[in-house]
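Enquirer: I'll drop the sequence and a predicted model, then ask my questions.
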Amino acid sequence: MLLFLILAGGCLALFGILQCIEPRRLMNGMVFTCFLGFLLLGMLALVGTLGGGMGVSLVLIALVLLLPLAFLAAGVALVINGTVLMRLEGRRLRNLLSMALGLMILLFMLALAAYPLLARYRTSSAALVTAMAFMVLYVSFLFVSYLAGAVFFGFPPPRLNQHFLVVLGCGVKGERVPPLLAGRLDKAVQFYFRQARRTQPPCLIVCGGKGEGEDIPEAEAMARYLREKGIPEENIRREDQSTNTYENLRNAKGIMDSAMGRYRCALVTSNYHLFRAALLSRKVGIRRCRGLGSPTAGYYLPNAFLREFIGALALHKRWHIAVCVILALMTLGAMG
């Protein structure tokens, strides 16, 4: 018990140090997830110690029941969310992610329920289910780590002394700014005037090129919206050549580098998108930055966050694929 609590304290201290040095890393969230894991084990060991043999039995029963129930609840919730999302946003491929993942979780739980039969009559199938279980646990660990990183990246919020606000775009409808993008721009406008009341206002860099079905570049539509909100033209810079978030940030870095040598900047985007944008900002070489996340409709958030999580995993896809392959081979080898 004491060992688990010491390890939890060490992970928490390391997490604090890493956050102070550089909050734009998935590793920080992984350390925090380890803290949660060791803390949980320490608390369970404490319950087992205080309760004697009965306490240990209760702890084991709780672990055996709670984990499957948690996965089952997550699967059902994702299927329900996917149904709501498709009804409100249309049956497009990008809106199917939460439902697809929910169905995969439910199928996996069905395979786990059949595990005793598989282990008795079809050992090869049982080994495959076991390998899948280890891979699911690994991806779940990464998801909790990404979620922790995303939550803690938003704290503390940027100080009111920024030189630049980098507002990331998304698709416009003709020349009109849609509600999702308007939320990002409103967040930037709010910060702009708060800082202007205390010191020099920041320069707003609006990012986004012209995509399919758009009459003008996203950056131009965003600039027009900002002018309507009272932002002077001289405090707006357009980055209108990019087609994705990586290019948004790479081109925005070029604008900031050409303007001054050392600068302070903050990213402005939707809350679900903020942490992956932060990871990419580090990748393109932006020295340090904080973030401002605009709110997103609750029904839209799970699907969008899952999409961002997959995008974040893709930044190091070879590493994650290698880990999953090693886990599968070790499991199949041990049970073969």
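Expert: Structure received.
Enquirer: and the helix ranked longest in the chain, what other elements does it pack with?
Expert: Criterion DSSP state H: the longest helix present in the chain is helix 26-89. Contacts defined by 3 or more C-beta pairs under 8 Å, 6 or more residues apart in numbering; DSSP states H and E place helix 26-89 against helix 2-21, helix 97-113, helix 123-153, helix 301-314. In this view, the C-beta of every residue, glycine as well, is placed from N, C-alpha and C.
Enquirer: Low-confidence ranges, the stretch 1-150 of the chain, go.
Expert: 1, 48, 50-60, 62-64, 118-124 (pLDDT under 70).
Enquirer: Could you pull out the buried residues of the helix or strand where residue 321 lies?
Expert: Per DSSP states H and E, residue 321 falls inside helix 317-335. Of all the residues in helix 317-335, those buried under the rule 16 or more other C-beta atoms under 10 Å are 320, 323, 324, 327, 328, 331.
Enquirer: cool, and stretch 188-204?
Expert: For stretch 188-204, a neighbour-count test (16+ other C-beta under 10 Å) marks 188, 189, 191, 192, 195, 201, 202, 203, 204 as buried.
Enquirer: Assign the closest residue to residue 154 other than its chain neighbours to helix, strand or coil.
Expert: Closest residue in space to residue 154, ignoring its immediate chain neighbours: residue 293 at 5.9 Å, by C-beta to C-beta, 6 or more residues apart in numbering. Secondary structure, DSSP: H, G, I helix; E, B strand; the rest coil: residue 293 is strand.
Enquirer: and what of residue 267?
Expert: Residue 267 ends up strand, using three-state DSSP.
Enquirer: Not counting sequence-adjacent ones, nearest residue to it?
Expert: Among residues not flanking residue 267 along the chain, residue 291 sits closest, at 4.5 Å (C-beta to C-beta, 6+ apart).
Enquirer: My read is that residue 99 contacts residue 78, right?
Expert: Yes. Between residue 99 and residue 78 there is a contact under C-beta atoms under 8 Å: 6.7 Å.
Enquirer: between the two, who's got more neighbours?
Expert: More crowded of residue 99 and residue 78, by other C-beta atoms under 10 Å: residue 78, with 23 against 19.
Enquirer: so where is the stretch 151-300 of the chain shaky, pLDDT-wise?
Expert: Checking the stretch 151-300 of the chain against pLDDT under 70 turns up nothing.
Enquirer: re earlier: can you lay out the helices and strands packed on helix 26-89 as JSON lines showing distance to residue 88?
Expert: Below are those laid out as JSON lines (distance: least, C-beta to C-beta, whole Å):
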{"stretch": "helix 2-21", "distance to residue 88": "36"}
{"stretch": "helix 97-113", "distance to residue 88": "13"}
{"stretch": "helix 123-153", "distance to residue 88": "24"}
{"stretch": "helix 301-314", "distance to residue 88": "11"}
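Enquirer: To residue 211, which of those helices lies closest?
Expert: Nearest of these to residue 211, taken as C-beta to C-beta: helix 301-314 at 17.4 Å.
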